[in-house]
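Visitor: Next comes the sequence, and after it the predicted model I'd like to discuss.
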Amino acid sequence: MSILPRTCSVPSTSSDADQPPNHYARALVERLRPLNLPEGFSATGVPGVELMFSGCHRPREPLIYEAGLKVVVQGGKLGYLGDREIYYGAGHYLVQAMPLPFECETVASAEEPLLGISITLNRLMLGELVAQLPSEQRGKGQLPTPMAAVPIDDSFGEALLRLAECFSDPVKSRALGNGRLREVVFAALCGPQGESLRRLITDQGHYLRIAEALQFMHEHFKEAITIEQLARSASMSVSHFHHHFKRTTQQSPLQYLKRLRLLKARAMLMGGDQQVAQVALAVGYHSASQFSREYKHYFGSSPGKTAALA
């Protein structure tokens, strides 16, 4: 386990999505390029850390990320969440404190593929690290946005370079990987979007309650879930819960649940080992025809076509 300081400085929240890639991004490209990554996500040997690669442009498409950090060192991504556009190109990282369905375009080509690092946040690790911060840094100011991109700063970049040393060395990965991952997460906690992560541990208000409601929905999406049930579990009135849920996620609870089910269904269909009717039932639909209609409306093609392409 790495030894971390008990204090950290929180830099300015300003960022410029149009600035050129910083030297950390260039150094990380040199670390990742020799790994000859396949399309998609690849394991690194460090639990919770995967590498991202795409050799071609991908048009805007619906997806969902679990709570985590998405670091781009080459290429870029453009996310659409409600009326927001979130660009994270080379030298930036996306901080996603909550799992939010959104739409994303991947900017990549064969000559300049997308390269990046995906880190899934561990709630226990977050809690341990936040506990090391002085009380005045554990949650302050206005509620943050749960999804935003910021430039790689010195603290985050240096920690990420140390973590990247493990990707090509299984011994370092086993011996040092978790400690170096903690350094990266700690740097993010102290970074421009750190407040959105710290609040997951320290907040006792609406922000944490909505985060817990989202976790419940992800664990029980196959079941019949009502707004009344979610509001009751969050100790909020239905109207109060609906208001804060939509303000946080940019969609109503029912819209979120529907999109979550459809995205889970697409992942199952792309696995290629289940029929459409089986998938519909597995994600909580009792009518295969309703599932097919809503799937086609959301993705622009039928579930059968997705299954055929798997």
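Guide: Great, that's in hand.

Visitor: buried residues in the strand or helix carrying residue 157?
Guide: In this structure, residue 157 sits in helix 154-164 according to DSSP states H and E. For helix 154-164, a neighbour-count test (16 or more other CB atoms under 10 Å) marks 155-157, 159-160, 162-164 as buried. Placement of C-beta: from N, CA and C, glycine included.

Visitor: and what of stretch 30-48?
Guide: For stretch 30-48, burial by neighbour count (16+ other CB under 10 Å) applies to 31-32, 37, 44, 46, 48.

Visitor: I'd guessed residue 164 sits against residue 28; true?
Guide: Yes: using CB atoms under 8 Å, residue 164 is in contact with residue 28, at 5.8 Å.

Visitor: Tell me the residues that contact both of the two, please.
Guide: residue 117 (CB atoms under 8 Å, 6 or more residues apart in numbering).

Visitor: And the strands in the protein?
Guide: For the chain, applying DSSP state E gives strands covering 40-43, 49-54, 58-64, 68-74, 76-81, 84-89, 92-96, 101-107, 114-120, 147-151.

Visitor: Switch these over to TSV; also include distance to residue 282 and mean pLDDT.
Guide: Converted to TSV, these look like this (distance: least, CB to CB, whole Å; pLDDT from 0 to 100):
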stretch	distance to residue 282	mean pLDDT
strand 40-43	22	95
strand 49-54	24	98
strand 58-64	17	92
strand 68-74	25	97
strand 76-81	27	94
strand 84-89	31	93
strand 92-96	25	96
strand 101-107	18	93
strand 114-120	23	97
strand 147-151	28	94
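
Visitor: gap between the two ends of stretch 25-39?
Guide: For stretch 25-39, the first-to-last residue distance is 20 Å (CA to CA, to the nearest Å).

Visitor: same question, stretch 104-112
Guide: OK, stretch 104-112 end separation, CA to CA: 18 Å.
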